[in-house]
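1. got a predicted model here, sequence first, then my questions.
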Amino acid sequence: MTAIDRTVIDDATVQQYRTDGCIIIRGLFTPDEVEAVRRGIETNLAEPGPLFGVASQPDDPGRFVEDFCNWQRIPEFEDIAFNSKAADAAGLLMGSSVVRLFHDHTLVKEPGTRQVTPWHQDQPYYNVDGFDNTSMWMPVDPIAPESTLEFLAGSHTGGWLIPRTFRTEQAKWFPEGTLAEMPPIESDRAAYDIRGWAMEPGDVVYFHMLTAHHAYGVPGANRRRAFSLRFLGDDATHAPRPWRTSPQFEGLEDELPAGAPMEHPLFPVLRTA
Ligand SMILES: O=C(O)CCC(=O)C(=O)O
């Protein structure tokens, strides 16, 4: 573990992130780092882990696949989490004295994928409480505006919204009626403060785990391979759920009580202030 490098992003960027719950940082990673993550994603696709899943319909002309929690077996993922500027930027954006790795997430949309990622917040699918968190999402292919992640600016301070299954919109986690519904953003986009950026390899977005976000499919001929690191900060605590979280940490509730800090080898400390 090393100290947070305070030179990675400036104060204005941090302030904008805190207000909007999302930010783009251009060129955070070198071409070599991007190439390493690209290699890691290809290894991940060739050797899927136990949490690998297909998120698109069988008749989708493309394919949307995801996998989680592979940093312990794919050295390129471990390296970008531990040794790049990703954790430094996370620490500064969160304003936390501790930066912990929560998990990694691979998200690949192949050319022609119609499957959209519907508007959602991430934290309601997870097993963590607390506000000190951030996700870094990096494409290893250029991304056009119509295929990029889009965010509802400021939504990270508006409370938890009910998580639903992406394809059939079922409330499989928190029961119906227990959390507010996602507003109908797509039916009146002009009424919402939506942020999204065309991206090149090396660019990253960071977003709070309560920032609502979505992405369309990939209409063009390019792949949209992306990799994400999820970070936890000072006030993150374990929130075991009576349902399978996404990702699921099998048996963790026997080792880490509800409300305990996320002190566990699965969630290593990457940086301290
Ligand atoms: O890659 C996508 O289409 C969705 C990404 C996403 O929802 C996430 O990284 O939390």
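-> Happy to help now that I have it.
2. neighbours of the closest residue in space to residue 97 that isn't next to it in sequence, how many?
-> Closest residue to residue 97 apart from its sequence neighbours, by CB to CB, 6 or more residues apart in numbering: residue 273 at 3.8 Å. In short, each C-beta sits where N, CA and C put it, glycine included. Counted by other CB atoms under 10 Å, the residues lying close to residue 273 total 13.
3. so what's residue 273 up against?
-> 3, 4, 91, 96, 97, 98 (CB atoms under 8 Å, 6 or more residues apart in numbering).
4. swap in residue 164?
-> Residue 164 sits in contact with 118, 120, 170, 171, 172, 182, where contact means CB under 8 Å, 6+ apart.
5. just the buried subset of these, please.
-> 118, 120, 182 (16 or more other CB atoms under 10 Å).
6. how close does the second one sit to the ligand?
-> What that stands for is residue 120. 7 Å (CB to the nearest ligand atom, to the nearest Å).
7. heads up, I number from 31, so please use that
-> Yes, from this point I'll number from 31; that puts the last item at residue 150.
8. who are the packing partners of the helix or strand encompassing residue 65?
-> Assessed by DSSP states H and E, residue 65 sits inside helix 61-76. Secondary-structure packing of helix 61-76 (3 or more CB pairs under 8 Å, 6 or more residues apart in numbering; DSSP states H and E): helix 105-113, strand 128-139, strand 254-262.
9. other SSEs contacting the helix or strand following that helix?
-> Sequence-wise, the next helix or strand downstream of helix 61-76 (DSSP H and E) is strand 83-84. Judged by 3+ CB pairs under 8 Å, 6+ apart, the packing partners of strand 83-84 are strand 94-98.
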